[in-house]
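Novice: model this:
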Amino acid sequence: MKNNQPLFKSIVPINNNIHLKLKISEVVNYSFAKTTNAAILTSAEFEKGSKVYPILFIRDGDDILPVALFGLEDKQNLFLKWNNQWDATYIPAHIRRYPFSLATAESTSEFIVCLDENSTIIGKSGEFSLFLANGKHSEYLNEKIRFLQDLQIEYENTLNFTQKLNQLDLFEPMNASINLNNGDNLSISGFYTINKEKFINLESDTLKELVETNDMKLIYEHFSSMDNFSKLINVISERKIISKKRYTKKKVLDKAVSSASS
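Specialist: Presented below is the predicted three-dimensional model:
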């Protein structure tokens with residue numbers, strides 16, 4: 001499995017002429033994230049996220065970003081229930097922001113508020129309007145913009161954290177082979193982890209600095225989050241066993257029907 005994060009299908013800037021009558025239905029299901037096996041997790045979310053998901057890292061150009069892992073196979077999200085409700089005590093902010101996002105204007109460094117115009121939760125009916133009749137932002141839209149701005153600040157803080165670890169040469173590629181309880185084997189690549197041996201052997205002054213900047217806490221939350229792999233392994237093993245039982249039962253029924261008709 002390699003990382004994939006398909007969330008947004010068609011991102012466009014919000015415009016009070018084009019989207020004046022557009023309304024949003026607050027997310028009642030998370031089907032848009034059905035094929036998303038990882039999402040960016042800011043450092044401010046490590047404490048809550050580490051209790052639920054394995055926290056790994058990915059390379060995005062020159063940047064290294066933490067992600068919460070949702071599945072062990074391509075386009076797999078093990079945290080979605082049959083009714084598309086999220087089955088976890090914490091949902092990453094990058095999932096909760098949907099269908100909104102921020103983009104950087106090409107001519108300036110200013111951010112533009114955008115949305116996924118192909119989202120199933122936007123249309124002419126819904127609980128919340130983006131604009132008032134006079135074209136001004138609704139309080140709902142202003143609230144979403146504040147959320148996106150706060151998330152951007154946390155994103156930049158997270159980059160400072162990962163850049164520091166990268167300068168210390170602490171990241172290593174993750175190439176793992178996982179044996180499931182039903183005998184199947186899965187391989188994981190495209191992600192990075194923090195090398196424990198290199199971390200432990202850092203100079204005392206560097207370790208002290210990591211403590212003072214709270215980065216030490218984040219590192220240990222990353223380490224502790226790796227225990228969540230066992231939860232994902234159990235879920236996927238159980239699903240494969242159930243799927244195999246259903247397949248076997250269907251074959252038996254098909255054979256019985258075939259015998260009865262002959």
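Novice: any weak-confidence spans in the chain?
Specialist: The model of the chain has pLDDT under 70 over residues 1-6, 106-108, 180-183, 240-262.
Novice: could you show me where the strands are in it, in order?
Specialist: Counting by DSSP state E, the chain has strands at residues 11-13, 23-24, 38-40, 55-60, 63-69, 100-104, 111-116, 122-123, 128-129, 171-179, 185-194.
Novice: want to throw the ones you listed into a markdown table with mean neighbour count and distance to Asp150?
Specialist: Quick note: C-beta positions are derived from backbone N, CA and C, even for glycine. Listed next are the strands of the chain as a markdown table, based on neighbours: other Cβ atoms under 10 Å; distance: least, Cβ to Cβ, whole Å:
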| stretch | mean neighbour count | distance to Asp150 |
| --- | --- | --- |
| strand 11-13 | 14 | 20 |
| strand 23-24 | 20 | 19 |
| strand 38-40 | 23 | 14 |
| strand 55-60 | 20 | 20 |
| strand 63-69 | 21 | 17 |
| strand 100-104 | 16 | 11 |
| strand 111-116 | 18 | 12 |
| strand 122-123 | 16 | 22 |
| strand 128-129 | 17 | 19 |
| strand 171-179 | 13 | 27 |
| strand 185-194 | 16 | 26 |
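Novice: Distance to Phe32 added to these, as JSON lines?
Specialist: Shown next, in JSON lines, are those (distance: least, Cβ to Cβ, whole Å):
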{"stretch": "strand 11-13", "distance to Phe32": "13"}
{"stretch": "strand 23-24", "distance to Phe32": "13"}
{"stretch": "strand 38-40", "distance to Phe32": "12"}
{"stretch": "strand 55-60", "distance to Phe32": "20"}
{"stretch": "strand 63-69", "distance to Phe32": "16"}
{"stretch": "strand 100-104", "distance to Phe32": "12"}
{"stretch": "strand 111-116", "distance to Phe32": "8"}
{"stretch": "strand 122-123", "distance to Phe32": "11"}
{"stretch": "strand 128-129", "distance to Phe32": "17"}
{"stretch": "strand 171-179", "distance to Phe32": "27"}
{"stretch": "strand 185-194", "distance to Phe32": "22"}
